[in-house]
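[1] Requesting a structural model of the entry that follows:
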Amino acid sequence: MSPKDVTSDGRSGTGLWTPGRIVVAVLVALVIVFICVNTQSVTIRVIIPQVTMPLWLALLAMFLIGLVCGGYLFRRKGR
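    A predicted model of the protein is given here:
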């Protein structure tokens, strides 16, 4: 057995739950709690028209828009 043949690979953070993924999961959980707690109706000005909707719906829409933008900007290109 050569020194390169070891059973423990020593790679930290390469599994399903990497430290970055744990942080993202905690942040997503906090965002979901924040959205669920804010349920009152608000008036929002969207450029020209004013829209009255529940705050949780506006927060959820902004969260989803942020996810789409982040996914687009930080996607990995498979080559």
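[2] Dead centre of the protein: give me the residue that sits there.
    The centroid of the chain falls nearest to Val28 when counting by Cα atoms, centre = their mean (5.3 Å).
[3] what about it, which SS state?
    When classified by DSSP: H, G, I helix; E, B strand; the rest coil, Val28 comes out as helix.
[4] any idea of the pLDDT on it?
    On the pLDDT scale, Val28 is placed at 88.
[5] oh, and call the first residue 454 from now on, that's how I've got it
    New numbering, starting at 454: the last item is Val481.
[6] gap between it and Ile497?
    23 Å (Cβ to Cβ, to the nearest Å). To be clear about C-beta, it is placed using only N, CA and C from the backbone, and glycine gets the same treatment.
[7] can you give me the strands in this structure?
    Using DSSP state E, the strands of the chain run over 494-498, 503-507.
[8] Can you show me the helices along this structure?
    For the chain, the helices defined by DSSP state H occupy 472-490, 508-526.
[9] I'd like to know which of these is closest to Ile501.
    helix 508-526 (16.9 Å; Cβ to Cβ).
[10] where are the low-confidence patches of this structure?
    Within the chain, the segments meeting pLDDT under 70 span 454-466, 531-532.
[11] and with 80 instead?
    454-467, 529-532 (pLDDT under 80).
[12] Would you mind giving the strands of the chain as CSV with distance to Gly468 added?
    Formatted as CSV, the strands of the chain follow (distance: least, Cβ to Cβ, whole Å):
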stretch, distance to Gly468
strand 494-498, 42
strand 503-507, 39
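[13] Need these in JSON lines (columns: mean neighbour count).
    Below are these laid out as JSON lines (neighbours: other Cβ atoms under 10 Å):
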{"stretch": "strand 494-498", "mean neighbour count": "11"}
{"stretch": "strand 503-507", "mean neighbour count": "11"}
